[in-house]
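1. model this:
(one chain, ligands or ions: 3)
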Amino acid sequence: MSSPARRIRWLRATGSLASIALVTAASLSVSSSARAAAAAPPPQEPGVTLRVFDMQTELARLCVLKTGQTPNVDKLMPSVDWTTTGDFGLGDRFLSEVTGNVNVTTAGTHTFRLTSDDGSRLRIDNAVVVDHDGLHGSESKSGSVQLGAGYHALRIDHFDNGGGQQLTLEWQPPGATGFSVVPNSALSTDAGVVRVTAPGRKECEGGGDAAGDGLPLTSVHPAYSLTNLRPSGFEPQVSGMDWLPDGRLAIATWGGSNTKLGEVHLISGVTGATDPTKVRTQRIASGLQEPMGLKYVDGKLYVSEKVGLTELNDTNGDGVTDDYRRVATWPFGGNFHEFAFGMLYRDGAFYLNLSVAIDYGGATTDPQPAANRGTTIKVDKATGAVTYLAGGLRTPHGIGWGPEGDIFVTDNQGGWLPSSKLVHIKQDRFFNHYTNPAGPFDNRAITSPVLWLPQNEIANSPSNPVQLTTGPFAGQVVFGDVTYGGLQRGFLEKVGGEYQGAVFRLTQGLESGVNRISLGPDGAIYTGGIGAGGNWGQAGKLNFGLQKLTPNGAEAFDIVAMRAVQGGFELEYTQPLSAQTVQGLAGKYRATQWRYLPTSAYGGPKIGQQTVTVQSATPSADRKKVTVLLSGLQSGHVVHLRSPRPFTSESGKSLWSTEAWYTLNAKPGATARTGPIKGLAAKCADISDGGTAEGTKVQLWTCNGTAAQQWTVATDGTVRALGKCLDVQQGGRANGTVTQLWTCNGTGAQQWVAQPDGSLRNPRSGRCLDVAGNNSADGTALHIWDCLDVANQKWVLP
Ligand SMILES: [Ca+2]
Ligand SMILES: [Ca+2]
Ligand SMILES: [Ca+2]
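-> Ligands and ions are numbered 1, 2, ... in the order given. The predicted structure follows:
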């Protein structure tokens, strides 16, 4: 059993390359001997794995962590004997989890002594040997167990609430006269594992949590019927999917990290009423380098390999590709993470995403081995010419058509991505992931995500989006997830001219984590699975998969949509709420909000998380809609709304999934505001001498009501006066770069975001508008400086 925290997000790292290669080879083969090899224990190294989770809340007992949370600390330790905050990496209010193996040389009774501050529990081979739970200082407790020679799974759970902390594991093996710390020579843990950590608060399962109500779903959505599509022995790690006109499904398979073992198969008998015995597969291409996209155009299949786009040709009519024509190449520096995620086609052009190079462990490689990665590209089918649509992406794992025929892309958590997200691609857009050297759009204003997908709550490694065409969720986008698993759905709406919206759980219950999905000609959602090596993929699932979800006409009680309205949201349900639910309705919703602050660090915490008070909840006459008004909603935040069970429909059903996460980039009805911007010593931001020349100095000055102090805080993130924009000189990012007046040009040098602490932040530089030297004299320049929550960075906006 691998604990959820050991799993590694899709493509954040490859984990143990040796063990992944082994498993991958097994998965692609149909021979049973290869599968047996995959079942061999992974390579070991001496010591144990210590993972520590920052709970930031009072702890009185051990608890069960919610699944899929990345630890704050993850390290190899020689033995279990820790007392300092340095040992644990955290001081107070943390949970620690120790995993590994005890290697027993002499069979017989082994007595273990666990000394801990506060509580702890020792399991050997999943059986509790010492239960030492609860609040206490450093105390010892022992337990005995019969062990045969060989490896036995070790697991210790521990917590510290406050004050001192300790965790020590001693033993008395057969023949020993007393206790000693279990030595390094008797301990081992999986070797070569990439130890990914993420900051922020982690959560335990709560007493009221259940599947779909505080926790991930565990089963198939009632409105869909699940069909297995893999004939015996067919174990594809699906990395691309498309349809032939005759109803056959084409799939690409991954082939494993840094290999050329990718294949293409044609699969018949999948549509309509079917089962695995009716499915036939034919391998038509092989030797492909980690293909991540597949498209059928005008009678031919095209594959996006790591280095370029390949056309598959069968020149001798035997049904198997014998000519692999390179249609296009793109920048590729040989890094394991430089995938070409695809693939869409329209009007003579393919569309796909190039992920950036990353280091093992997840940091963005600096400098990048190839230019212009982290982009959505367009490839001319006739000429192979590559042009760039948008940039600032990291692991743009999925690409799909969405509302209005536009392109939507999922990007996975990492550097510059505090959480995974769904973005709306348009020419010249920049999505906030910076590289060295700079990408083609790094100087553009940052485009906010359509949906933040809060990490581990509703996503971990989201894959390609597909827009549904029928059913209760028609028009919404659905996407899979390799590590969180299942399918999620996004309701999108335009506010202030841009898409934003809510994400909901849709289904789990599939055989594997989901790498690719496609709508079939029969209206079913086809799901292709992937995973590897025990620390990559969905916990407890297969490393391969092919299934479909067919709408069956049944109806779950679900939240269809969450729309932003003045002062709150309108929720739309599939069925009328019960009379009982409508009573005291406002008390049945719980809301919180937070924001994210992208930095170069891997992942990131929620910033400023706070409870939001529900003012009122008013049902419509037919009880299928509820207007929920909330106090203090802030734009630029994610709003989490939960209506815990029992929350029933008129027909007596409980909500399938009780939660929604709405990305409130803009509040409806938000308008530009004009007036003075007051700062230090109640003086005003002022344009020197009211000048309008490019580069005119912006300064602090006694407020005087002139046009040189009339600023418009626009809805596009700019701050304007005298017809021009407040601009960071030459797009600088260093402390002390001065501000000036400049023609508005849509770049990140002119973007300003009001922060809850009253500062005005320029996201591109990550710094705040600051009165130089904290000098309140008239004429002091305004420049950018580290955001420090200080008086000379506080601004009262109009
Ligand atoms: Ca402590
Ligand atoms: Ca303590
Ligand atoms: Ca051939």
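2. in the stretch 551-700 of the chain, which spans are helices?
-> 579-582 (DSSP state H, counting those that start in this stretch).
3. report pLDDT for the residue lying closest to V129 once chain neighbours are set aside.
-> Of all residues not flanking V129 in the chain, G143 sits nearest, at 4.2 Å (Cβ to Cβ, 6 or more residues apart in numbering). Using the backbone N, CA and C atoms, a C-beta is placed for each residue, glycine as well. Listed pLDDT for G143 reads 97.
4. hmm, G143 is touching T111, no?
-> Yes. Counting by Cβ atoms under 8 Å, T111 is a contact partner of G143 at 7.2 Å.
5. name the SS class of the residue nearest to V129, please.
-> strand (DSSP: H, G, I helix; E, B strand; the rest coil).
6. what about it, neighbour count?
-> 16 (other Cβ atoms under 10 Å).
7. cool, the one 3 residues further on as well?
-> A total of 9 residues lie near Q146 under the criterion other Cβ under 10 Å.
8. and P521, by the same measure?
-> So P521, with other Cβ under 10 Å, has 14 neighbours.
9. now do the contacts for it.
-> Residues near P521 by Cβ atoms under 8 Å, 6 or more residues apart in numbering: 243, 247, 271.
10. out of the residues you listed, list just those in strands.
-> W243 (DSSP state E).
11. mind putting the contacts of P521 in a markdown table, neighbour count included?
-> Output for those, formatted as a markdown table (neighbours: other Cβ atoms under 10 Å):
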| residue | neighbour count |
| --- | --- |
| W243 | 17 |
| G247 | 14 |
| T271 | 19 |
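12. which one of the contacts of P521 is nearest F430?
-> Taking Cβ to Cβ as the measure, F430 sits nearest to W243 out of the contacts of P521, at 33.5 Å.
13. correct me, but the closest one touches Y296?
-> Yes. W243 is within contact range of Y296, at 6.6 Å (criterion: Cβ under 8 Å).
14. leaving out the residues flanking it, which one is nearest to G695?
-> G695 sits nearest to Q740 (Cβ to Cβ, 6+ apart), 4.9 Å away.
15. quickly list what the one you found is bridged to.
-> Here Q740 sits in beta bridges with K697, D727, going by DSSP bridges.
16. contact partners for it?
-> Under the criterion of Cβ under 8 Å, 6+ apart, the contact list for Q740 reads 694-698, 727, 729.
17. contact residues of this protein facing ligand 3?
-> Within reach of ligand 3 by Cβ under 5 Å from the ion, the chain has these residues: 314, 316, 318, 320, 322.
18. surely the last one is in contact with G287?
-> When you say that, I think you mean D322. No. At 11.4 Å, D322 and G287 do not qualify as touching, with contact defined as Cβ under 8 Å.
19. give me the domain ranges for the protein.
-> Following automatic domain parsing, one gets these domains for the chain: 44-190, 215-551, 569-664, 673-793.
20. most packed of these?
-> Highest mean neighbour count of the domains of the chain: domain 215-551, a mean of 21 (counted as mean count of other Cβ atoms under 10 Å).
21. end to end on that one, go ahead and measure it.
-> 24 Å (Cα to Cα, to the nearest Å).
22. what stretches of the chain score poorly on pLDDT?
-> Applying pLDDT under 70 to the chain flags residues 1-41, 68, 194, 533-536.
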